[in-house]
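Trainee: Below is the structure, and that's it, no one-letter string:
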């Protein structure tokens, strides 16, 4: 796949992700203004709780469905899509049952004895079956290549969640039940995508009349999805444990500061991750051999760094401004030092995640499980180790160090499975990008004022835009047939 094709798909999903991000921060800003850090902290815990249960109940179907349908011959796709639908409906009901049974004991374990929010956890958990269903329908759209429809659906559902959820937050806040309002807002925001995904899948991926789900295909999805479910569950569990450690050590407000920094660091360059999940993953799964797959990985790393570098520079150099704009001044100032470390963690995530998607698409279940278990143990245990001597900032340092370790581990695994290292050109891109970020951060450390970061951010933005333009132009010329 041409480098320009990766850039185009990243830009398409990136545009949708930016709008989804705007909707998410409108909701978060409203919660921060009405409820404060405690509301943001509770929202982060509820979202992670839902993600944990949806990952377990979803049985990896959102990923296994894409991998199975995308790699199938056209004649076999209808049967495989029917199997995905059949399994997705039943897994959604399993998710609802799991939440009903487990939300109370998990609530008792998660929150302090004098600060329990078990009701909120149970209410938010009602979105779990909807998340599983949305993942199933999204997998069908993604596997069939309907990226534009998927992007449109994500944007519409995000703003619908804000328009319907924020009035609930306000009404409950006025009635003196602010945290219940936060919970209802999260429930609506996470449940809305299911309705829009169903509508889009019904239009673009209609079920073929008379197609009966084959039991062999369902077993195939269960076998493949089981390993992917464990991988996703480990990732969600490590994120939940990190928040639990912060909550137990410092309380709900500090959990809000942690969530604020993590949301900004992860979300602003998040369009790159969205493009990886929606376009890159099915393509690397369908690559004809490992040489082509490795080439796709290297181009995705380069494209991700090119697109996200100016945003990462802005976060490193103007973190205080971002925190004040997206949340509130003063109340969220403790999140500023956390943001810096988390941005570096996201930088290493940009380098490592294409290799992680490659392993999920082409590696054996045993290798995927071993790598993800080891890496998520590091991500889950490092906060426990570093919070003691370093305080709350130790949790952010643990986030960054965990993704450094993950990048090193994935590079070694790729060398072991393919017999080749990631190419020198790709490592040069990563090294130069890291150096540029370090210089940008250093250049404003002694500056007085909040907006000096616009200079290094603007310079990097112009450089990246120039590379983007030259790449697109060169590959467009190469695509023109020669006379």
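Mentor: Cool, the structure landed. Predicted model, so just to flag it, every value in this text is computed and none were measured.
Trainee: immediately after the helix or strand containing residue 434, which helix or strand?
Mentor: Element membership for residue 434 (DSSP states H and E) is helix 424-443. For helix 424-443, the following helix or strand on the C-terminal side (DSSP H and E) is helix 454-479.
Trainee: Give me the angle between that next one and helix 424-443.
Mentor: Compare the direction of helix 454-479 with that of helix 424-443 by axes from the mean of the first three to the mean of the last three Cα atoms, to 10 degrees and you get 160 degrees.
Trainee: And helix 454-479, what's buried?
Mentor: By neighbour count with 16 or more other Cβ atoms under 10 Å, helix 454-479 contains the buried residues 454, 456-457, 459-461, 464, 468, 471-472. For every residue, glycine as well, the C-beta is placed using N, CA and C.
Trainee: try stretch 286-296
Mentor: When neighbours are counted by 16+ other Cβ under 10 Å, the buried residues of stretch 286-296 are found to be 286-287, 293-296.
Trainee: Quick one: those as TSV, columns for secondary structure too.
Mentor: Listed next are these as TSV, based on DSSP: H, G, I helix; E, B strand; the rest coil:
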residue	secondary structure
286	coil
287	coil
293	helix
294	helix
295	helix
296	helix
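Trainee: re the thing from before, so among the buried residues of helix 454-479, where is pLDDT lowest?
Mentor: Note: of these, the lowest pLDDT belongs to residue 472, at 68.
Trainee: ok, and what's touching the helix holding residue 434?
Mentor: Among residues not part of helix 424-443, those counted as contacts by Cβ atoms under 8 Å, 6 or more residues apart in numbering are 298, 301-302, 305-306, 309, 312-313, 316-317, 340, 344, 347, 351, 452-453, 455-457, 460.
Trainee: What's the mean pLDDT across it?
Mentor: Mean per-residue pLDDT for helix 424-443: 91.
Trainee: So which residues of the stretch 201-350 of the chain form helices?
Mentor: 215-250, 252-267, 270-275, 281-285, 290-317, 319-326, 336-362 (DSSP state H, counting those that start in this stretch).
Trainee: Let's have these in a markdown table, adding mean pLDDT and distance to residue 199.
Mentor: Listed next are the helices of the stretch 201-350 of the chain as a markdown table, based on pLDDT from 0 to 100; distance: least, Cβ to Cβ, whole Å:
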| stretch | mean pLDDT | distance to residue 199 |
| --- | --- | --- |
| helix 215-250 | 82 | 24 |
| helix 252-267 | 86 | 25 |
| helix 270-275 | 64 | 20 |
| helix 281-285 | 72 | 22 |
| helix 290-317 | 86 | 30 |
| helix 319-326 | 85 | 31 |
| helix 336-362 | 88 | 28 |
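Trainee: Closest one to residue 85 out of the buried residues of stretch 286-296, please.
Mentor: residue 286 (21.3 Å; Cβ to Cβ).
Trainee: could you check the distance from residue 394 over to residue 346?
Mentor: Between residue 394 and residue 346 the distance, using Cβ to Cβ, to the nearest Å, works out to 18 Å.
Trainee: which of the two has more neighbours?
Mentor: Set residue 394 next to residue 346 and count neighbours by other Cβ atoms under 10 Å: residue 346 wins out with 26 against 23.
Trainee: Quick check: that one touching residue 267?
Mentor: No: in terms of Cβ atoms under 8 Å, residue 346 does not count as a neighbour of residue 267; the distance is 9.6 Å.
Trainee: Show me the two of the buried residues of stretch 286-296 that sit farthest apart.
Mentor: Across these (Cβ to Cβ), the longest gap, 14.5 Å, separates 286 and 294.
Trainee: Check the gap between residue 343 and residue 350 for me.
Mentor: Residue 343 sits 11 Å away from residue 350 when distances are taken as Cβ to Cβ.
Trainee: Between the two, which is the more surrounded one?
Mentor: Counted by other Cβ under 10 Å, residue 343 and residue 350 do not tie: residue 343 has more neighbours, with 28 against 25.
Trainee: Nearest residue to residue 125 in space, please, no chain neighbours.
Mentor: When the adjacent residues along the chain are set aside, residue 125 lies closest to residue 99, with 3.6 Å between them (Cβ to Cβ, 6 or more residues apart in numbering).
Trainee: Figure out the helix or strand that that neighbour lives in.
Mentor: helix 77-110.
Trainee: tell me what that helix is packed against?
Mentor: For helix 77-110, the elements it packs on are helix 37-58, helix 61-70, helix 118-125, helix 128-143, helix 215-250, judged by 3 or more Cβ pairs under 8 Å, 6 or more residues apart in numbering; DSSP states H and E.
Trainee: chain center to the last one, what's the gap?
Mentor: What that stands for is helix 215-250. Taking Cα atoms, centre = their mean, to the nearest Å, the mean C-alpha location of helix 215-250 is offset from the chain mean by 14 Å.
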